[in-house]
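Chemist: could you look at this predicted model? Sequence included:
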Amino acid sequence: MNKEPKSTRREFMKESALVAGAGFLVPGALPAGEANAGKPVAGSASAASADGVHFHQSGFGPNPEGWSAWSVRPECAPRTFVDPVISSSGTGSLGVSGDGNMAAFGGWQRTLKGIKEGTWYRFVAHYRTSGVISENWQIVPDLYWQKPAGTEIGNDDRVDYAARSVRKGSWTEVSLEVPAPAGATYVVLELFLAHAPMGIVWWDDISFDEIPAPQPRQVTIATINLKPSNTGTVTESVRQFIEAAERLAPPHTDLIVLPEGISVVGVDPSGLICGQVAEPIPGPSTALLGELARAKHCYVAAGLYERERGASYNTAVLIDRDGKLVGRYRKVFLPRGEMVQLTPGNEFPVFHTDFGTVGMMICYDVYYTEPARQLAQRGAEIILLPIWGGDEVLATARAIENQVFLVTSGYDHPTYIMDYNGKRIAQAPERGTAAVATIDLNAPNFYQGTSDWRDRRLREYRPEIVRDFLYSGGKTEK
């Protein structure tokens with residue numbers, strides 16, 4: 001007889017005769033109902049009413065009512081405590097310490113009832129740390145959704161991370177907006193510390209609220225497949241790209257993407273004179289691109305060659321709807337042929353537009369994981385890739401591994417719009433055509449019934465491992 005697949009965490013709690021979501025109750029932390037029995041808790045409020053579930057608490061006293069401490073086994077239990085001094089509100093916080101134990105995983109949790117499947121909720125928490133190496137995965141604020149009697153949600157435990165973070169002085173705010181999964185009737189707020197033996201985290205100012213479902217955030221993108229030849233001048237090369245974009249991008253386009261090196265390809269198809277045609281940014285070419293942006297009332301991204309203080313760069317620019325320069329990205333990874341005449345950039349900036357957050361890579365960057373990874377960690381939802389030619393498989397991997405939309409405009413690389421699962425949703429296989437698609441940046445991305453896959457990738461990445469390898473010069477022990 002076939003057996004249903006088990007959720008390791010859920011089965012552990014059942015077999016241990018523990019309440020689902022409670023796990024091992026750490027000595028010194030009383031479960032809900034036993035702490036502060038009959039006493040009001042300052043700074044806290046919780047209600048499930050006609051307008052939904054709403055909870056907020058800032059400030060914590062000894063044995064905080066409704067909160068309990070959890071870990072999967074006694075030997076994995078961190079030290080949990082209430083700190084009366086450190087607080088964002090001035091009246092105490094929930095503390096979790098690794099206490100010198102690398103195996104420690106767990107912390108504080110609280111159960112809220114009255115959850116309705118499909119309804120959207122916002123979860124916000126604030127934390128402060130000491131001795132934590134990698135906050136993105138060692139600081140663990142999440143929602144652990146439950147059905148009645150602890151039955152399974154999705155194909156495993158449904159946990160949603162609060163993956164968005166904003167630094168606010170010495171504290172960091174993390175947040176999440178998410179719909180409750182099918183069948184969920186209650187949720188466990190979890191404020192954990194993971195495998196940080198020298199680390200301490202303090203939690204305060206925590207809220208959970210029902211919110212309206214977000215409206216679609218639709219973006220129409222047009223990416224151009226064009227490779228002019230024998231143009232004679234930089235100006236004529238750029239002009240031909242602009243003419244094609246004006247003709248091919250439909251009305252109400254939000255973003256037009258052009259290839260790498262539009263100022264050189266029509267003059268020298270090999271691109272070997274790129275250092276000679278470099279120009280200031282802002283400059284003549286960005287002025288022409290600005291006219292296109294104003295005429296189409298859209299953003300425009302394109303690859304140019306930039307000169308500043310004697311150095312030349314392979315640069316991608318982003319122009320806004322008013323024709324103004326939003327910013328530039330200087331190609332970080334240069335192949336040998338470019339390195340002899342161009343200078344590499346050193347940063348991976350992201351740009352905030354009126355429809356979302358955009359990052360840019362250029363051509364050879366696609367062969368390396370870090371450009372796309374850094375852009376995604378900085379909040380990029382769409383990565384633009386002006387490209388001469390490059391590996392299609394690696395480009396697909398960059399979209400999938402970072403769960404971002406990828407938009408290419410190429411000469412010897414295809415021109416397409418790709419979703420975060422690596423599917424090309426629009427392509428322009430012929431010269432003089434455009435790939436056009438409308439995407440929704442607010443569409444949830446749940447992977448096989450589990451949590452938002454983009455948030456999981458951001459929260460479970462181990463940046464310190466990469467740093468340690470790079471600082472060692474790539475050497476490994478024999």
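Modeler: It's in.
Chemist: drop to CA atoms for contacts and neighbour counts, all remaining ones
Modeler: Will do.
Chemist: from Leu255, how far off is Met361?
Modeler: From Met361 across to Leu255, the span is 16 Å (CA to CA, to the nearest Å).
Chemist: out of the two, which sits in the more crowded spot?
Modeler: Met361 (27 against 24; other CA atoms under 10 Å).
Chemist: make sure that one is actually in contact with Arg328.
Modeler: No: applying CA atoms under 8 Å as the test, Met361 and Arg328 come out as separate, 10.5 Å apart.
Chemist: can you list the domain ranges for the protein.
Modeler: The record's domain parsing of the chain by automatic domain parsing lists 8-32+43-211, 218-441.
Chemist: and the strands in the stretch 251-400 of the chain, which stretches?
Modeler: 255-257, 299-308, 311-319, 325-330, 350-352, 357-360, 382-387 (DSSP state E, counting those that start in this stretch).
Chemist: mean pLDDT and distance to Gly61 for those strands - can I get that in JSON lines?
Modeler: Formatted as JSON lines, the strands of the stretch 251-400 of the chain follow (pLDDT from 0 to 100; distance: least, CA to CA, whole Å):
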{"stretch": "strand 255-257", "mean pLDDT": "98", "distance to Gly61": "52"}
{"stretch": "strand 299-308", "mean pLDDT": "96", "distance to Gly61": "52"}
{"stretch": "strand 311-319", "mean pLDDT": "97", "distance to Gly61": "51"}
{"stretch": "strand 325-330", "mean pLDDT": "98", "distance to Gly61": "48"}
{"stretch": "strand 350-352", "mean pLDDT": "97", "distance to Gly61": "41"}
{"stretch": "strand 357-360", "mean pLDDT": "98", "distance to Gly61": "40"}
{"stretch": "strand 382-387", "mean pLDDT": "98", "distance to Gly61": "44"}
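Chemist: beta partners of the closest residue to Leu385 other than its chain neighbours?
Modeler: Nearest non-adjacent residue to Leu385, counting by CA to CA, 6 or more residues apart in numbering: Thr408, 4.6 Å away. On the basis of DSSP bridges, Thr408 is bridged to Leu385, Tyr416.
Chemist: pLDDT score for Thr408?
Modeler: If you check Thr408, the pLDDT there is 98.
Chemist: coming back round to it: reformat the domains of the chain as CSV; add distance to Arg459.
Modeler: Formatted as CSV, those follow (distance: least, CA to CA, whole Å):
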stretch, distance to Arg459
domain 8-32+43-211, 5
domain 218-441, 10
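Chemist: mind telling me which of those the model trusts least?
Modeler: Ranked by mean pLDDT, the domains of the chain bottom out at domain 8-32+43-211, with a mean of 83.
Chemist: that older thread, who touches both of Met361 and Arg328?
Modeler: Applying CA atoms under 8 Å, 6 or more residues apart in numbering, one finds that Met361 and Arg328 are jointly contacted by Ala316.
Chemist: list the contacts for Ala311?
Modeler: Shown in contact with Ala311 (CA under 8 Å, 6+ apart): 342-343.
Chemist: all helices for this structure, in order.
Modeler: Assigned by DSSP state H, the chain shows helices spanning 8-15, 135-138, 234-248, 284-296, 336-339, 369-377, 392-402, 453-460, 463-471.
Chemist: the fourth one: which residues count as buried?
Modeler: It refers to helix 284-296. Across helix 284-296, burial judged by 16 or more other CA atoms under 10 Å covers 285-287, 289-294, 296.
Chemist: reformat the residues you listed as TSV; add distance to Phe355.
Modeler: Output for the buried residues of helix 284-296, formatted as TSV (distance: CA to CA, whole Å):
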residue	distance to Phe355
Ser285	25
Thr286	22
Ala287	23
Leu289	20
Gly290	19
Glu291	21
Leu292	19
Ala293	15
Arg294	17
Lys296	16
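Chemist: relative to Leu189, which of these is nearest.
Modeler: Ala293 (45.7 Å; CA to CA).
Chemist: so what touches stretch 426-442?
Modeler: With CA under 8 Å, 6+ apart as the test, stretch 426-442 has contacts from 214-227, 244, 248-249, 356, 381, 414-418, 425.
Chemist: which among these end up buried?
Modeler: The neighbour-count test (16+ other CA under 10 Å) marks 218-227, 244, 248-249, 356, 381, 414-418 as buried among the contacts of stretch 426-442.
Chemist: tell me the spacing between the nearest residue to Pro148 once chain neighbours are set aside and Glu65.
Modeler: Using CA to CA, 6+ apart and skipping residues adjacent in sequence, the residue nearest Pro148 is Thr185, 6.5 Å away. Counting by CA to CA, the gap from Thr185 to Glu65 is 21 Å.
Chemist: more neighbours, those two?
Modeler: The residue with more neighbours, out of Thr185 and Glu65, is Glu65; 22 against 18, by other CA under 10 Å.
Chemist: look up how far Val96 lies from that one.
Modeler: Between Glu65 and Val96 the distance, using CA to CA, works out to 17 Å.
Chemist: same deal with Ala180?
Modeler: In terms of CA to CA, Ala180 sits 27 Å off from Val96.
Chemist: comparing the two, which shows the higher neighbour count?
Modeler: Val96 (28 against 22).
Chemist: and the nearest residue to that one once chain neighbours are set aside, how far is that from Leu189?
Modeler: Excluding its sequence neighbours, the residue lying closest to Val96 (CA to CA, 6+ apart) is Thr80, at 4.6 Å. Look at Thr80 and Leu189: by CA to CA, they are 16 Å apart.
Chemist: looking at the two, which one has more neighbours?
Modeler: Between Thr80 and Leu189, counting by other CA under 10 Å, Thr80 is the more crowded of the two (27 against 23).
Chemist: what about that one, distance to Trp70?
Modeler: Here Thr80 is placed at a distance of 9 Å from Trp70 (CA to CA).
Chemist: and Val404, by the same measure?
Modeler: Applying CA to CA to Val404 and Trp70 gives a distance of 34 Å.
Chemist: same check, this time on Ser229
Modeler: Using CA to CA, we find Ser229 at a distance of 66 Å from Trp70.
Chemist: now do Asp412
Modeler: Taken as CA to CA, the span from Asp412 to Trp70 is 55 Å.
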